[in-house]
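S.K.: quick one: sequence and predicted model below, then my questions.
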Amino acid sequence: MALPAAFFALFFAYPVVAITLRGLHDGGRWQFARAAEVLTDPAVLQVLRFTLWQAAASTALTLVVALPGAYVFARFDFPGKQVLRAVVTVPFVLPTVVVGSAFLALAGRGGTLDQLWGVRLDTGVWAILLAHVFFNYAVVVRTVGGLWAQLDPRQEEAARMLGATRFGAWRRVTLPALTPAVAAAALMVFLFTFTSFGVIQVLGGPRYATLEVEIYRQTAALLDLPAAAVLTLLQFAAVAALLAVHAWTVRRRESALALVDARHTARRPRGTGQWALLWSHLALIAVLLVAPLVVLALRSLRTSDGYGLAFYRALTEHGSDSTFLVAPVEAIGNSLAYAAVATGVALVVGGLAAAALTRRAGRLVRGFDALLMLPLGTSAVTVGFGFLIALDEPPLDLRASWIIVPLAQALVGVPFVVRTLLPVLRAVDVRLREAAAVLGASPWRAWREVDLPLVRRALLVAAGFAFAVSLGEFGATVFIARADNPTLPVAVARFLGRAGELSYGQAMAMSTVLMVLCAATLLALERVRTSDDRSGEF
């Protein structure tokens, strides 16, 4: 636990505490009166109400849409299933600013729906809710569907033989077993939508703001650090409570069930009802998940003179009025290099943390488990600004170093590594390690000869997820990425912030490149994953 604890202390706790204390202790005195003003400000209360409402509405809508998908992926076997599983996961690893761009191209002003039928969704809250479903669909499918695929269907069949109806058997047998997984998925979706930033920033406009957007406004636009610090603490308290409940549901799910090989539970659909369910959900996936990605790619090719590669060619040019100090295409190489380093850091830190959580028990370790998830719910704006404030003096003077970006990206990669490796490591029979030790193997050799062969695939899956989410990290990177070394998400945001057809087209082109890179990573991940892998929640 020493290295993961030190990593989180230096690169998460220290920057967040530093920026928060600077806000609360502004001007040499504590700003408690300012804190009371912020918490009673009607505008802030309205932001809090909207944050809670849109998170609850997005979570409910995501569950309604995605739970049938979890069943389809868990119980049905059909051609192209692995490819489709990778495709529906692409939105989750895309930066939220790109998700917003995709829905803007589909349903915004001048978008596909506007041109075809005069329909615009960016003028109301529906675009935000649908974008959140688009982003979080894979969370429910992977968390609930992964468990559903390993539930023994013979238990439900036995209930049918004893006289239960199909619905009664599902309600009495399957639903209780799935409830912890559904609760864990709902909590994760609520967490991601509660801290939503990029989607709200692109689609919300001036009328809608979450706590995360308000923290960004108070920090970057108004330079009101006391207000931002109070809002950060408020968000942190809510996130800590959510993660505590999430950790409890995860432990309950891991300890309460005896699972079977997923290869023996999926089968081809039978009967009209099952085929109708499969095809209707495939149609829903096509409309809700695939269509925005296709429209994004088409929009990157459409110019005022017709379709072509003009926007992609423009990415290789660097003019005097350029947004960056280098050609925008260099952002691709920067992102790949940063993501590779961040993946290495996340594997080391997350792997050691997972090993510690596997071999030890107690409240301290369970609390450490919840701590590892905090970067997913803590304001990325606060983390990024905290990096600038805290990591600018020796011995941690990293502000001018390239390593600062991979470190920020690794913070969001570590939770995925831990949650992917933990169930696999817990499934390794401890007697194998003990037998190796009895035969004279050192702890290092026992790990290399016993654990590593058993967890190799899960390790590759963890690396793939860490790489994909590092590619898409935006909230913190937007503060610390330098103009001569931009990343893909930062480039997209900068182009969207400029007026003109060329800037918008370049944003779409950059978003498409990032989408293709993430899709390729996830397709490779699905080829590595086997149907009997217990590779965690993600």
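M.R.: Looks like it came in fine.
S.K.: quick check: which ranges of this protein have low pLDDT?
M.R.: 26-28, 31, 122-123, 205-206, 246-247, 249-264, 319-325, 360-367, 529-538 (pLDDT under 70).
S.K.: tell me the secondary structure at F11.
M.R.: What DSSP: H, G, I helix; E, B strand; the rest coil gives for F11 is helix.
S.K.: with adjacent residues omitted, what lies nearest to it?
M.R.: Among residues not flanking F11 along the chain, L407 sits closest, at 5.3 Å (CB to CB, 6 or more residues apart in numbering). All C-beta spots, glycine's among them, are computed from the backbone N, C-alpha and C.
S.K.: quick one: the helices in the stretch 101-250 of the chain?
M.R.: In the stretch 101-250 of the chain, the helices defined using DSSP state H, counting those that start in this stretch lie at 112-117, 126-148, 153-161, 166-169, 175-194, 198-203, 211-216, 225-256.
S.K.: quick one: which of those helices is nearest R498?
M.R.: When the helices of the stretch 101-250 of the chain are compared by CB to CB, helix 198-203 sits nearest R498, at 13.9 Å.
S.K.: just the C-alphas of the closest one, formatted as PDB.
M.R.: Output in PDB follows, covering the C-alpha atoms of helix 198-203 (Å, rounded to 0.1, in the frame of the first residue of the first chain):
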ATOM      1  CA  GLY A 198     -17.800  18.800 -20.700                       C
ATOM      2  CA  VAL A 199     -21.300  17.800 -21.800                       C
ATOM      3  CA  ILE A 200     -22.900  20.700 -19.800                       C
ATOM      4  CA  GLN A 201     -20.200  23.100 -21.000                       C
ATOM      5  CA  VAL A 202     -20.900  22.300 -24.700                       C
ATOM      6  CA  LEU A 203     -24.700  21.600 -24.600                       C
END
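S.K.: helices or strands next to that helix in the packing?
M.R.: For helix 198-203, the packing partners by 3 or more CB pairs under 8 Å, 6 or more residues apart in numbering; DSSP states H and E come out as helix 96-107, helix 126-148, helix 211-216.
S.K.: which secondary structure elements does the first one sit against?
M.R.: Read that as helix 96-107. Where contact means 3+ CB pairs under 8 Å, 6+ apart, helix 96-107 is packed against helix 112-117, helix 126-148, helix 198-203, helix 291-301, helix 488-496, helix 501-528.
S.K.: residues in contact with that helix?
M.R.: 91, 94, 111-114, 119-122, 127, 130-131, 134-135, 196-199, 201-203, 291-293, 295-296, 299, 472, 474, 489, 492-493, 496, 507-508, 511, 514-515 (CB atoms under 8 Å, 6 or more residues apart in numbering).
S.K.: now which of those residues would you call buried?
M.R.: 91, 94, 111-114, 121-122, 127, 130-131, 134-135, 196-199, 201-203, 291-293, 295-296, 299, 472, 474, 489, 492-493, 496, 507-508, 511, 514-515 (16 or more other CB atoms under 10 Å).
S.K.: let me know which of the helices and strands packed on helix 198-203 is tucked in deepest.
M.R.: Each of those was scored by mean neighbour count; the highest is helix 96-107, a mean of 27, by mean count of other CB atoms under 10 Å.
S.K.: and the angle for that one with helix 126-148?
M.R.: When axes from the mean of the first three to the mean of the last three CA atoms, to 10 degrees is applied, the directions of helix 96-107 and helix 126-148 differ by 120 degrees.
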